[in-house]
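K.L.:
next come a sequence and a model predicted from it.
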Amino acid sequence: MTSPEENVDLPDGQAEANPAGEVSDELTPERERELIDQLRSLRGDIDSELSKVIIGQKDVVEQLLISLLSGGHCLITGAPGLAKTLLVNSIAQLFDLQFNRIQFTPDLMPADITGTEVLEEENGQRSMRFIPGPVFANVLLADEINRTPPKTQSALLEAMQEHQVTAAGQVRKLDEPFFVLATQNPIEMEGTYPLPEAQLDRFMFNVLIDYLPEDDEVAVVQQTTSKRKEKVRSLFSGDLIPELNQVVQRVPIAEEVVRYAVRLASASRPGQSGTPEFINELVSWGAGLRAAQNLVLGGKARALLDGRPYVSTTDIQALAQPVLRHRILPNYRAEAEGVTTEALIARLLTHVEHPKQEAVA
């Protein structure tokens, strides 16, 4: 772990070149195989432990696991009372990670997140001491992030992209691994502020949590109103996460599948050559380069969780909604016609041609 007092210098352009953070090339083939075997052997235990406190929401849990294995951040959208906070806390316990929570409110200031300097006096000498904010953790839960104005929301931009913060004129490295799992209420609710596009793009996934089916909701009510409370058991050491990030990046992927991911992202941009007409008519802003990067990186993590040695087009298609949902901005015409972002992504998946056969790297 790195002290928050330590100054660091990152190479220019690193953020654009590697959305998952800096990764060293120290993993041996033997260690890689050992980590893969460990992940596969514990795959069932992961679901078993999380099911102690989380009923249903299988797709949501899978997407959160993929983001952590990929080194990405997640934005979790859902109405109040759908166990968003409990889910994030459970994931942190599963991987034995230091967990901090920030309750975002309209009066929250950037220094409340990154930290601040205080004046201290000792033996007649005055000096400034930096007090680290809650951002100095492995897992940061930004609870109801859209309850605070954009000025405070943007305090997380540098931390999310470069895993560092600049406070009191100094650059301070964050502990690794570092993940931001932010929850937000639907933007139609009173007292919410839409997140800036630059910050939205730094989230790997926008995970949508919906209301549970009746049987699952009955199980939740029974579990939460009983005296017995289950606890999630740690299955991994947090120190393994950076190594697992490297394993994910080494999963083979065919060039055809990469091109498919790039075509999906580029087809969402209005006004470009080859853009579908319905995108030109209904979209104000499309997905950028990070969308294709996250489709590929997420596809690698999904293949690894499924025990496959390569990425398929099915992986890309399965992750299209969480990757593109917050990167495509429908225009006024789409809103007037009741066309949702999810519907636009579904049309993109049917419009963009994918490899005819399963492509293996």
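P.N.:
Alright, I've got the coordinates. Numbering: from 1, shown residues only.
K.L.:
got the domain ranges for this structure?
P.N.:
The record's domain parsing of the chain by automatic domain parsing lists 45-224, 251-355.
K.L.:
if you average pLDDT over each of the ones you listed, which is lowest?
P.N.:
Among the domains of the chain, domain 45-224 carries the lowest mean pLDDT, a mean of 85.
K.L.:
distance between it and the chain's centre?
P.N.:
How far domain 45-224 lies from its chain's middle: 9 Å, per CA atoms, centre = their mean, to the nearest Å.
K.L.:
that older thread, could I get the domains of the chain as JSON lines with mean neighbour count?
P.N.:
Using the backbone N, CA and C atoms, a C-beta is placed for each residue, glycine as well. Below are the domains of the chain laid out as JSON lines (neighbours: other CB atoms under 10 Å):
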{"stretch": "domain 45-224", "mean neighbour count": "18"}
{"stretch": "domain 251-355", "mean neighbour count": "19"}
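K.L.:
which among those is found nearest to Ile36?
P.N.:
domain 251-355 (7.0 Å; CB to CB).
K.L.:
that closest one: how far from the chain's middle?
P.N.:
Using CA atoms, centre = their mean, the offset of domain 251-355 from its chain centre is 17 Å.
K.L.:
wait, Gln249 sits on Val296?
P.N.:
No. Taking contacts as CB atoms under 8 Å, Gln249 lies outside contact range of Val296: 9.8 Å.
K.L.:
for the helix or strand hosting Gln293, name the packing helices and strands.
P.N.:
In this assignment (DSSP states H and E), Gln293 forms part of helix 289-305. The contact analysis (3 or more CB pairs under 8 Å, 6 or more residues apart in numbering; DSSP states H and E) places helix 289-305 against helix 29-41, helix 58-70, helix 241-249, helix 255-266, helix 313-324.
K.L.:
got the CA coordinates for it in CSV?
P.N.:
Taking Å, rounded to 0.1, in the frame of the first residue of the first chain, the C-alpha atoms of helix 289-305 are listed here in CSV:
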residue,chain,number,x,y,z
LEU,A,289,-13.1,5.5,-27.5
ARG,A,290,-13.4,4.4,-23.9
ALA,A,291,-16.6,2.5,-24.9
ALA,A,292,-14.8,0.2,-27.2
GLN,A,293,-12.0,-0.2,-24.7
ASN,A,294,-14.4,-1.2,-22.0
LEU,A,295,-16.4,-3.5,-24.2
VAL,A,296,-13.2,-5.4,-25.0
LEU,A,297,-11.8,-5.3,-21.4
GLY,A,298,-15.1,-6.3,-19.9
GLY,A,299,-15.5,-9.1,-22.5
LYS,A,300,-12.1,-10.5,-21.4
ALA,A,301,-13.2,-10.5,-17.7
ARG,A,302,-16.5,-12.1,-18.6
ALA,A,303,-14.8,-14.9,-20.5
LEU,A,304,-12.5,-15.5,-17.6
LEU,A,305,-15.4,-15.7,-15.2
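K.L.:
give me the distance between Leu297 and Leu69.
P.N.:
Separation of Leu297 from Leu69 (CB to CB, to the nearest Å): 9 Å.
K.L.:
among the helices and strands packed on helix 289-305, which is nearest Asp112?
P.N.:
helix 58-70 (25.1 Å).
K.L.:
tell me which helix or strand comes right after the closest one.
P.N.:
For helix 58-70, the following helix or strand on the C-terminal side (DSSP H and E) is strand 74-77.
K.L.:
mind saving the C-alpha coords of that next one as CSV?
P.N.:
Output in CSV follows, covering the C-alpha atoms of strand 74-77 (Å, rounded to 0.1, in the frame of the first residue of the first chain):
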residue,chain,number,x,y,z
CYS,A,74,-19.2,1.3,-11.8
LEU,A,75,-22.2,3.6,-11.7
ILE,A,76,-25.2,1.9,-10.2
THR,A,77,-28.6,3.4,-11.0
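K.L.:
show me the contact partners of it.
P.N.:
Residues outside strand 74-77 that contact it (CB atoms under 8 Å, 6 or more residues apart in numbering): 60, 63-64, 67, 84, 87-88, 145, 179-186, 195, 200, 203-209, 326.
K.L.:
note down every partner strand of it and its orientation.
P.N.:
Here strand 74-77 has these sheet partners by DSSP bridges: strand 179-184 (parallel), strand 205-208 (parallel).
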